[in-house]
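[1] can you look at this prediction? I've put the sequence above it.
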Amino acid sequence: MTVHYEADGPVVVITLDRPEVANAIDRPTAETLADAFRRFDADASLSVAVLTGANGKFCCGADLKAMRSGDPARVTRVTPDGDGPVGPTRMLLGKPVIAAVEGHAVAGGLELAAWCDLRVAAEDAVFGVFCRRWGIPLMDGGTIRLARLIGHSHALDLILTGRGVSGEEARRMGLANRLVPPGRALPEAVSLAREIAGCPQAALRSDRLSSYEQWSLGLAEALAGEYHHGMGTLATGEMVGGLERYASGAWRRGELT
């Protein structure tokens with residue numbers, strides 16, 4: 001199997017496993033990866049997913065050998081609708097995904113990491129638009145998400161030069177939300193996932209969705225959208241329990257649930 005799906009309580013770890021090609025993604029892998037995230041989104045028992053790569057490598061993007069082969073069964077699908085070439089990059093899930101990045105997250109692998117809500121990266125992990133050197137365009141949301149995620153100037157630095165960034169520079173840019181020692185990206189990402197899963201979920205998911213939806217809206221529409229999401233959250237009754245925990249002093253003990 002090229003994609004592993006391992007659930008443990010409210011957290012699922014989804015692992016790309018093609019180490020012989022630095023976890024590059026061919027068409028079957030892209031389809032399996034997209035299906036894994038659809039499965040996660042539909043499973044009410046799961047709150048957070050962690051995406052990682054096997055053998056200390058995140059993902060080097062689309063499988064160039066498969067692309068060169070011309071085999072339609074292996075070449076990633078490029079169409080104006082449906083899934084993205086590397087899988088889930090056109091999806092807006094209802095729950096958060098954290099990337100655990102070791103090694104290289106480059107080309108389509110960078111786009112995949114940018115699709116995730118948060119990125120926990122090893123200090124020596126490398127992010128970059130390495131496909132620049134091969135004349136291959138970004139087609140998994142990279143030109144959009146990078147600009148929104150790290151600002152247009154930083155995004156253009158990566159897009160135009162194709163250079164790799166890592167460590168403190170990646171964190172300063174906003175590519176890495178957390179830096180950890182090499183080999184610790186997955187356990188630290190899982191720990192962060194469990195922390196997020198421990199929060200009341202209705203408000204968390206509502207606020208997350210509003211933050212994504214506002215990009216295509218004017219201010220008045222965005223504020224109206226936030227209001228409707230918030231009212232839907234209040235209707236769940238989740239806040240009542242939160243207020244009771246506040247009154248009990250549980251928050252002073254670091255208890256979120």
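    Nice, I can see it.
[2] next, the buried residues of the helix or strand of the chain with the lowest mean pLDDT.
    The helix or strand of the chain with the poorest confidence is helix 238-248; it has a mean of 70 (mean pLDDT, DSSP states H and E). Neighbour counts over helix 238-248 (16 or more other CB atoms under 10 Å) mark 238, 242, 245 as buried. Every residue, glycine included, has its C-beta placed from N, CA and C.
[3] dump the residues you listed to JSON lines, plus distance to Arg68.
    Compiled in JSON lines, the buried residues of helix 238-248 are given as follows (distance: CB to CB, whole Å):
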{"residue": "Glu238", "distance to Arg68": "52"}
{"residue": "Gly242", "distance to Arg68": "55"}
{"residue": "Arg245", "distance to Arg68": "57"}
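[4] can you map out the helices along the chain?
    27-42, 64-69, 108-115, 142-150, 152-161, 167-173, 185-197, 201-213, 219-235, 238-248 (DSSP state H).
[5] quick one: mean pLDDT over the fourth one.
    In this case it means helix 142-150. For helix 142-150, mean pLDDT is 97.
[6] hmm, back to that, and among the helices of the chain, the most buried is which?
    Ranked by mean neighbour count, the helices of the chain are led by helix 108-115 with a mean of 28 (mean count of other CB atoms under 10 Å).
[7] contact partners of that one?
    Residues from elsewhere that reach helix 108-115, judged by CB atoms under 8 Å, 6 or more residues apart in numbering: 23, 25, 51, 53, 58-62, 84-89, 91, 97, 99, 101, 105, 119, 127-129, 131, 138, 140-142, 145-146, 149, 158, 175.
[8] what's the local residue count around the closest residue to Lys57 other than its chain neighbours?
    For Lys57, ignoring the flanking residues on the chain, the nearest one in space by CB to CB, 6 or more residues apart in numbering is Gly103 at 3.7 Å. Applying other CB atoms under 10 Å, we find 22 residues neighbouring Gly103.
[9] Gly103 touches Thr52, doesn't it?
    No - applying CB atoms under 8 Å, one finds Gly103 not in contact with Thr52, separated by 10.2 Å.
[10] what is in contact with the two at once?
    Taking CB under 8 Å, 6+ apart as the criterion, Gly103 and Thr52 both touch Phe58.
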